[in-house]
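Q: I'll drop the sequence and a predicted model, then ask my questions.
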Amino acid sequence: MRPNRNTSQLLLRLLFKAAWVRKDRAFTALVSVAVVATIATAALTIYSDLESKLSREFRGFGANIVVTKNSGALTAGELAGIHKTVGDSAEIVPVGYAIATETKSNAKIVVGGADIDKLRRLNSSWSFSNAGQGSALVGARVDETMTHGAALQLSFGKTSALIKPAGFFHSGSDDDSRVYIPLEDFVRLTGVQPNTTLVRVEGRPDEIQNAIASLSAALPQAEVKPVRQITQAQTAVVGKTRSVVLASSAVVVVLIMLCMVATFTGSVLERRKDFAVMKALGASNRTVNFLFASESALLAIAGSAAGYIFGCGIAFWIGKANFDAAILPQPLLLVPVLLGSVLLALIASTAPLRLLQQIQPAGILRGE
Amino acid sequence: MFLRLLFESFRRQKRRKSVALLAIALGMSIATAMIAVGNDIGDKINQELRSLGANLVITPVEDTLDVNIGGVNLKPASEGAFINEQDLVKMKGIFWGHNIKGYAPFLNAPRKIQTRNGELNAELIGTYFAQPLHYGNEQFTTGVRSVNPWWKVEGTWPQDYGDFPEQLPPDVLAGSKLAQQAELNIGDQIEIGGRKLRISGILNSGGDEDQAIVAPLHIAQMILHQPNAVRRVTVSALTKPEDAFARKDPDKMSPAVRDRWYCSPYANSIAYQLREVLPNARVEQIRQVEQNQGKVLSRVSGLMLLLTLAALLAAALAVSAAMAATILERRQEVGLMKSLGAGNSAVASLFLTEAAFLALAGGTIGFIAGAILAHRIGQSIFGSAIVVHPVVLAVVLFAAVLVTFLGSAGAVRKAMQFDPAIVLRGDA
């Protein structure tokens, strides 16, 4: 049957009335589609941005790459090369080390020269306590065994200086036995330029690997090493979290889809009488299928569009609440979410019709 | 009468009831799986974070400063203080002993090394690789293989010798840089302090150990003539993220507050307990690890919590919608009952009892399915099961009843608002 103008008007009226007269039925169907679309959108949006959001949390671990010159100091050109390779977002702290002698106890002590502010920022996990007007950062063990809060008289062979502390720090590493002084003082006192650069590259595990590879290529004279424990933990934690989010979202989305299919199928089966009346009035199987399918498709489009918006909102809010940075909507997701919902709704509403087609309309109307 | 109505309703409307049951079971398995995963994710990620290695370090109080630049140790071997190796096992006896996942003692000193190509200076480091130990009745294995999981060995790990073996030279590891420099290969023999050693593997740690010979602790103690001595111990402990309370000084607390602090697995309280069993030891947090892992942990747990909430809400809505849909289709029944003289409360109680039965059955099925799903997720991602706490069953059943009631109540009320005559005529 090729629908002429009158029948298409009739179909439209049937469609519209079916939804309008039984608003509550249409509403429950709409809600179940919207819930599926919401949760699918939210889960996929979060999943797509999770790696970079979670990787940011590893910035507090300090340097994740160490560049060391095998012999001699890092030249200005090499430092510029590091800056150029890793970009402006990375933190770069050149450090020089030398051994000095504390004049009172005659004990040897490692002195590092670096930009003190940058060093503090890079190692934000260290605990600092301010000590005064000086310029040096003094490790906790140096303070405990030697200075006890006072200044430190250090001799560097030919030169010597009184080092006044600006602060003390606890790190739990070898650094606790060291004193850090500003780089210019260090160079003036020791005549040594930095041969090590601590680099903190932000990014996903693969981006960090790429940075290491390009640094190695750019600096053939130097050794570029990842701080392996940190990069490895980052890879493990980010990878596992992504897998958990993916697996649990998949479980939730699949189950909730089944739930929606059950609701849809149930409500179509409840409309046996509508179906039988239509058939008894002479509608073909195709027309009835078309009617039921287009009704579900319209509901699915409306429901999934609403769900997409809700889902983006939820992802945005979760990003804000948990990562202090919004997770932005992914426009590309709209199409699969929309198509997926329509397809599901079509399957859910037309599959039970096949079942009904095997029964005589008269039987259904009699209540069999 | 009521019971018969109830029973017949289930018997005659099998299809309708099974749709509702399916929806509830699906919704509740989402709830179970997400609650289980969300609840366990903290522990699981905490275990993963142990790949950062130790978070506590123990050194002797009397020790002198470390003089160490770029992996070269310039501190004289005789200088400084030591910890007694025998005491270390006591760490397992502290209140939070079970949270001590492992520890690795280190003894190191620069030594002259004889290779077939000549002599060179390098650091000799002694440590546990995977040393079996026991404390009381508890057997455990500890060493760098578990504490420093990022150490990679090409060849084989040496065993942890108890004594210097008589026949064959004991196995040691050569750091990758040292091996390259001195052209050392697996199977080569070297000599340190007159003792012959065999290289069983090349170590790549990414750290200073790459320039050293790493030997079993007892072998190093014998070569360095320092029996029982340990310079430094790194400890890997499961801890609770630090908060303001954790940073307080326990010696200034009232006894009750102090007990609460002592019995929380903060890095600070574990360090405090370690100091109690290891006199003359200084226990520090490795702040880079300890301070940051909590942050990462709370982000991951927070994310899963929010996702769980979103999933629970979605499941609740889906189940409510399914319940509402089934009841809305039954307004003719409502009309019939009312026209036969049933009061609103009688109708409502019938429908809600039905809903309660469905909720309990669906909730139980959902709980079992959800528990299996959570178990699968745990096994496939973390290689260890996610255990669903029995209390989740109570939560899930309660939630199922609540959600089905909410879904049914609105629909029942709506169905009762209509005049029975109109409903029965099919005009509503």
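A: Yep, that arrived.

Q: CA only for contacts and neighbour counts going forward, please
A: Noted.

Q: Domain ranges for chain B, per the record?
A: Chain B is divided into the following domains under automatic domain parsing: B:2-46+B:295-425, B:55-285.

Q: out of those domains, deepest packed?
A: Stretch with highest mean neighbour count among the domains of chain B: domain B:2-46+B:295-425 (a mean of 20; mean count of other CA atoms under 10 Å in any protein chain shown).

Q: pLDDT of that domain, averaged?
A: Mean per-residue pLDDT for domain B:2-46+B:295-425: 84.

Q: ok, B:Phe357 to B:Leu350 distance?
A: 11 Å (CA to CA, to the nearest Å).

Q: for A:Leu44, same thing?
A: 41 Å.

Q: got it, and B:Leu406?
A: 15 Å.

Q: Any residues of the stretch 1-150 of chain A in contact with chain B? List them.
A: Proximity of the stretch 1-150 of chain A to chain B (CA under 8 Å from any CA of the partner chain) is limited to residues A:24-25, A:28-29, A:31-32, A:35-36, A:39, A:43, A:54, A:57-58, A:60-62, A:97-99, A:108-110, A:123, A:125-127, A:141-142, A:145.

Q: Can you select the buried ones among those residues for me in ChimeraX?
A: Selection of buried members from those for ChimeraX, criterion 16 or more other CA atoms under 10 Å in any protein chain shown:
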select /A:24,25,28,29,31,32,35,36,39,43,54,57,58,60,61,62,97,98,99,108,109,110,123,125,126,127,141,142
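
Q: Helices - which of the residues of the stretch 1-150 of chain A next to chain B land there?
A: In helices, judged by DSSP state H, the following of these are found: A:24-25, A:28-29, A:31-32, A:35-36, A:39, A:43, A:54, A:141-142.

Q: In CSV, list these along with distance to B:Glu138 and pLDDT.
A: Output for those, formatted as CSV (distance: CA to CA, whole Å; pLDDT from 0 to 100):
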residue, distance to B:Glu138, pLDDT
A:Asp24, 64, 75
A:Arg25, 64, 75
A:Thr28, 59, 81
A:Ala29, 59, 83
A:Val31, 56, 87
A:Ser32, 54, 85
A:Val35, 51, 89
A:Val36, 50, 88
A:Ile39, 47, 90
A:Ala43, 44, 90
A:Leu54, 38, 85
A:Arg141, 35, 87
A:Val142, 39, 87
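
Q: need the contact list for the one residue sitting closest to the centre of chain A.
A: Central residue of chain A (CA atoms, centre = their mean): A:Leu50, 2.0 Å from the mean position. Contact partners of A:Leu50, counting by CA atoms under 8 Å, 6 or more residues apart in numbering or on different chains, are A:Arg242.

Q: hmm, try it at 10 Å
A: By CA atoms under 10 Å, 6 or more residues apart in numbering or on different chains, the contact set of A:Leu50 is A:44, A:56, A:204, A:238-239, A:241-242, A:245, A:319, A:323, A:327, B:303.

Q: need the longest strand for chain A.
A: Assignment by DSSP state E gives strand A:91-102 as the longest strand of chain A.

Q: Compute the distance between the residue of the stretch 201-350 of chain B found nearest chain A and B:Leu309, please.
A: As assessed by CA to the nearest CA, chain A sits closest to B:Ile286 within the stretch 201-350 of chain B, at 4.2 Å. To B:Leu309, B:Ile286 is 35 Å away according to CA to CA.

Q: wait, what's in contact with A:Asn64?
A: So A:Asn64 contacts A:58, A:198-202, A:208, A:212, A:225-231 (CA under 10 Å, 6+ apart).

Q: Need the nearest residue in space to it, chain neighbours excluded.
A: Spatial nearest neighbour of A:Asn64, excluding adjacent residues (CA to CA, 6 or more residues apart in numbering or on different chains): A:Val227 at 4.9 Å.

Q: for that neighbour, what are its contacts?
A: A:62-66, A:198-200, B:150, B:205-207.

Q: Would you state the strands of chain A in chain order?
A: Taking DSSP E as the test, the strands found in chain A are A:65-69, A:91-102, A:108-114, A:127-130, A:136-139, A:152-156, A:159-163, A:165-170, A:178-182, A:196-200, A:222-226.

Q: would JSON lines of these with mean pLDDT be doable?
A: Output for the strands of chain A, formatted as JSON lines (pLDDT from 0 to 100):
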{"stretch": "strand A:65-69", "mean pLDDT": "88"}
{"stretch": "strand A:91-102", "mean pLDDT": "90"}
{"stretch": "strand A:108-114", "mean pLDDT": "91"}
{"stretch": "strand A:127-130", "mean pLDDT": "85"}
{"stretch": "strand A:136-139", "mean pLDDT": "90"}
{"stretch": "strand A:152-156", "mean pLDDT": "86"}
{"stretch": "strand A:159-163", "mean pLDDT": "86"}
{"stretch": "strand A:165-170", "mean pLDDT": "88"}
{"stretch": "strand A:178-182", "mean pLDDT": "93"}
{"stretch": "strand A:196-200", "mean pLDDT": "91"}
{"stretch": "strand A:222-226", "mean pLDDT": "86"}
